[in-house]
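Sequence plus predicted model, see below.
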Amino acid sequence: MPAALFGAYLLSDVTWLAFVALAWGFHVAVDRALGYGLKFGDDFQHTHLGWIGKRKSTGVSDDTPQ
């Protein structure tokens with residue numbers, strides 16, 4: 001979407017479109033650089049890049065054979 005918005009700026013020469021597109025693109029880039037991603041609805045810390053932050057322990061680790 002930021003690229004499409006910047007394309008709209010190139011076609012229309014409306015300068016605020018370029019500003020919004022660049023700010024939005026920078027925001028996405030910083031989120032990805034820090035390991036954040038698109039959020040899933042089940043938990044704020046569950047993203048398409050994996051879990052972020054400290055997960056609550058259930059007492060059983062994921063690698064424990066059962």
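Nice, thanks for sending it over. Residues are numbered from 1 along each chain as shown.

and the helix ranked longest in the chain, what other elements does it pack with?
Criterion DSSP state H: the longest helix present in the chain is helix 15-33. With contacts defined as 3 or more Cβ pairs under 8 Å, 6 or more residues apart in numbering; DSSP states H and E, helix 15-33 has these neighbours: helix 2-12. Any C-beta I mention is one placed from the backbone N, CA and C, and that applies to glycine too.

what residues does the helix it packs on touch?
V14, T15, L17, A18, V20, A21, L22, W24, G25, V28 (Cβ atoms under 8 Å, 6 or more residues apart in numbering).

Make a ChimeraX selection of whichever of those turn out to be buried.
Entered in ChimeraX, the line below selects the buried ones among those, by 16 or more other Cβ atoms under 10 Å:
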select :17,18,20,21
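
Pick out the lowest-pLDDT one from the contacts of helix 2-12.
Across the contacts of helix 2-12, the smallest pLDDT goes to V28, namely 90.

do you know how far the residue nearest to it when sequence neighbours are not counted is from A23?
Nearest in space to V28, with sequence neighbours left out and distances taken as Cβ to Cβ, 6 or more residues apart in numbering, is P2 at 6.7 Å. According to Cβ to Cβ, to the nearest Å, P2 and A23 sit 9 Å apart.

try A8
In terms of Cβ to Cβ, A8 sits 15 Å off from A23.

Of those two, which one has the most company?
Using other Cβ atoms under 10 Å as the criterion, A8 and A23 rank with A8 on top: 14 against 11.

Contacts only, for the closest residue to H46 other than its chain neighbours.
Nearest residue to H46, sequence neighbours excluded (Cβ to Cβ, 6+ apart): F40, at 4.4 Å. F40 sits next to H46, T47, H48 when contact means Cβ under 8 Å, 6+ apart.
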